[in-house]
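Novice: Here is a sequence together with a model predicted from it:
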Amino acid sequence: MTDPETRTVVVALGGNAILQPGQVGTFEEQLFNVDGAMRRIAELVEASWRVVLTHGNGPQVGNLLIQNALSAKTVAPMPMDVCGAESQGQIGYMLEQTLLNHLRKRGLETPVVTVLTQVAVDAADKAFTNPSKPVGPFYSEAEAKTMMLEQGHAMKEDAGRGWRRVVPSPEPVEIVPREAIVDMVRDGVCVVCSGGGGIPVVRAKDGALTGIDAVIDKDLAAALLAKDVAADALLILTDVPQAYVHYSTPEQQALGTVSLAEMRAYAAAGHFKAGSMGPKVAACMRFVDAGGTAIIASLTEVVPAMAGEAGTRIVPEAKATAG
Ligand code: ADP
Ligand code: MG
């Protein structure tokens, strides 16, 4: 165990920390939500944790894509990687400002810096042959077919709600500015980075980077980030208090402290849904496999979760199994 003064935690904030279902998404709403989340992150910093923050960006990128679609005749639409960069800027700004204000109230002078983060994926990732992640606005079947023909976009029918563009969701392989992030974390900076899973890029053989249309899962990118900064803990904050087996059935059971082997068995049995709890559990397992402790908890229970009093904690060996 490292000295308590130097423990590092990577905190991944779910979309709810920024924009809640049913909200319109005004700047004021988003700032209010973010402010509440950052009050709790400031408590972690006060408790001597070095915090590295990452976050989702689904609703924000979705809105940028809608803006692009609606104004395409007057303003040139931007590709997905640029929308990802824009969302890192807007969300990073809100996180940075509200966290700085909460730290200041506590008399803490920890600097907070947002890093625009490119994350490289493998151009040969099999996700590119099977785009699966729905993004942006809904279209009619006729509109979707035109877009497939004219723009070459992959489009799929989304659960009876209409047609949507689908993009690949490849594995994150390299956090491009990782050395700078590691240096800043070591110097005591609270770094906000890899937002939305990172700006997706591919690296050519000669090392050159190019943006691509894709969405990297933010939880999987958080696991990579946690490994890169040699974090002691990975904390994934979401809108449920714990991970459950038999989720949303009468047999539902909350998971407390679970060993990596047990979690692997639950995941293999299909207890965690793809695209939501699935990648969180996968991210936790990767990080624990690399030697850390991983926790999935509610956004409202940051400090209890770090103290082992809330959430689902995945550990190398079983220390308890009660929920
Ligand atoms: P975030 O924005 O935090 O990434 P997601 O919606 O992607 O949130 O994931 C959280 C959701 O995962 C929960 O709201 C819940 O509906 C869903 N979920 C699916 N399977 C499970 C499970 N086994 N245990 C807990 N939640 C689950
Ligand atoms: Mg999610």
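Specialist: Arrived safely. Ligands and ions are numbered 1, 2, ... in the order given.
Novice: Close to ligand 1: what parts of the stretch 51-200 of the chain are there?
Specialist: residue 56 (C-beta under 6 Å from any ligand atom). In short, each C-beta sits where N, CA and C put it, glycine included.
Novice: Which residue would be the closest one in the stretch 51-200 of the chain to ligand 1?
Specialist: residue 56 (4.9 Å; C-beta to the nearest ligand atom).
Novice: and the closest residue to that residue other than its chain neighbours, how far is that from residue 30?
Specialist: Distances taken as C-beta to C-beta, 6 or more residues apart in numbering place residue 15 nearest to residue 56, at 4.2 Å, with adjacent residues excluded. The gap separating residue 15 from residue 30 is 11 Å, by C-beta to C-beta, to the nearest Å.
Novice: same check, this time on residue 200
Specialist: Applying C-beta to C-beta, the value for residue 200 to residue 30 is 23 Å.
Novice: any idea which helix or strand carries residue 96?
Specialist: helix 80-105 (DSSP states H and E).
Novice: Can you tell me which helices and strands that helix packs against?
Specialist: Where contact means 3 or more C-beta pairs under 8 Å, 6 or more residues apart in numbering; DSSP states H and E, helix 80-105 is packed against helix 27-46, strand 50-55, helix 58-70, strand 112-115, strand 190-193, strand 199-203, strand 209-211.
Novice: Count the residues that sit near residue 111.
Specialist: Counted with other C-beta atoms under 10 Å, residues neighbouring residue 111 total 13.
Novice: again with the one 10 residues further on
Specialist: Burial of residue 121 is recorded as 25 neighbouring residues (other C-beta under 10 Å).
Novice: what do you get for residue 89?
Specialist: By other C-beta under 10 Å, neighbour count at residue 89 equals 14.
Novice: so who does the residue of the stretch 51-200 of the chain closest to ligand 1 touch?
Specialist: By C-beta atoms under 8 Å, 6 or more residues apart in numbering, the contact set of residue 56 is 12-15, 17-18, 195-196, 218.
Novice: check contacts around the residue in the chain positioned nearest to ligand 1.
Specialist: Per C-beta to the nearest ligand atom, residue 14 is where the chain lies closest to ligand 1, at 2.0 Å. By C-beta under 8 Å, 6+ apart, residue 14 lies in contact with 56, 236-239, 299.
Novice: again, only using 7 Å
Specialist: Applying C-beta atoms under 7 Å, 6 or more residues apart in numbering, we find residue 14 in contact with 56, 237-239, 299.
Novice: Inside strands: which ones of these?
Specialist: Among these, the ones falling in strands (DSSP state E) are 237-238.
Novice: Any quick ChimeraX command for the buried ones out of the contacts of residue 14?
Specialist: Of the contacts of residue 14, the buried ones go into a single ChimeraX selection, burial set by 16 or more other C-beta atoms under 10 Å:
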select :56,237,238,299
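Novice: Please tabulate the contacts of residue 14 in CSV and include pLDDT as additional columns.
Specialist: CSV is the format used below for these (pLDDT from 0 to 100):
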residue, pLDDT
56, 96
237, 97
238, 96
239, 94
299, 94
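Novice: Format the contacts of residue 14 as TSV; extra columns: distance to residue 313.
Specialist: As requested, these are exported to TSV (distance: C-beta to C-beta, whole Å):
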residue	distance to residue 313
56	22
237	14
238	14
239	18
299	16
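Novice: Who has more neighbours out of residue 200 and residue 30?
Specialist: A count of neighbours by other C-beta under 10 Å puts residue 200 above the other of residue 200 and residue 30, at 26 against 21.
Novice: Check the gap between the closest residue to that one other than its chain neighbours and residue 224 for me.
Specialist: Among residues not flanking residue 200 along the chain, residue 214 sits closest, at 4.1 Å (C-beta to C-beta, 6+ apart). Noted for residue 214: a distance of 15 Å to residue 224, by C-beta to C-beta.
Novice: In this structure, what helix or strand scores lowest on average pLDDT?
Specialist: strand 133-139 (a mean of 89; mean pLDDT, DSSP states H and E).
Novice: so that one versus helix 80-105, what angle?
Specialist: Angular relation of strand 133-139 and helix 80-105 on a 0 to 180 degree scale: 110 degrees, by axes from the mean of the first three to the mean of the last three C-alpha atoms, to 10 degrees.
Novice: What strands line up against strand 133-139, and which way round?
Specialist: strand 163-167 (antiparallel) (DSSP bridges).
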